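Participant: Build me a structure from this.
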Amino acid sequence: MNEKALAEQIAAQVLRDTQFWIALVGIFGAVVGSLLTFVGNFLLHWFQDRNRKLLDRARKKLLKGMLDKQDWRKLSTLSRVIGADYDTTRRLLFELDARGSEVAREDSEEVWGLISKHPLDRIE
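Facilitator: Take a look at the predicted model:
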C-alpha cells in the first residue's frame, strides 16, 4: 500500500470516529437537557402547589371554625373572611363536606352549612 492510500484510509477512519463521537455527545446532551427540563418543571410545580395547599389548609381551618359556630353562613361573608373569590370558597367548602341551602333566601344570598349539621335528607 502506498503512503497516499494509507493516509486517505486513516483520514476516513478518523472522520468516522469523530462523527460517531459527535453524534453520541449530541444524543447525551439531548437526554440530559430533557431530564433537567423535566426535573425543573416538576420542582417549580411542586413549590407552587405547596404554597397553594398551605393557603387552602389555612382557609379551610377558618371556614370550619365559622361553620361550627353558626348554622348557616353567607357565601359573601365566608369568601371575604378567607380572602378568596366565590369559586375558590365553594371548592373549599365542598372539601369540608359543606353544602348550600336548598331554600331561597329573601335577600338572594347564597348560604352554606356543614352537612353534619344539615343532612341532605332535611330541607332547610
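Participant: Quick check, Lys64 in contact with Leu96.
Facilitator: Yes. Lys64 is in contact with Leu96 according to Cβ atoms under 8 Å; the separation is 5.8 Å. Quick note: C-beta positions are derived from backbone N, CA and C, even for glycine.
Participant: Mutual contacts of these two, please.
Facilitator: Counting by Cβ atoms under 8 Å, 6 or more residues apart in numbering, the common neighbours of Lys64 and Leu96 are Leu114.
Participant: Kindly list the longest helix within this structure.
Facilitator: helix 3-69 (DSSP state H).
Participant: Which other helices and strands does it contact?
Facilitator: Helices and strands touching helix 3-69, by 3 or more Cβ pairs under 8 Å, 6 or more residues apart in numbering; DSSP states H and E, are helix 75-82, helix 86-95, strand 111-114.
Participant: Just the mean pLDDT for the longest one, thanks.
Facilitator: Taken as a whole, helix 86-95 has a mean pLDDT of 95.
Participant: quick one: stretch 71-84 to chain centroid distance?
Facilitator: How far stretch 71-84 lies from its chain's middle: 24 Å, per Cα atoms, centre = their mean, to the nearest Å.
Participant: wait, I meant stretch 35-47
Facilitator: Here stretch 35-47 is found 12 Å from its chain centre; the criterion is Cα atoms, centre = their mean.
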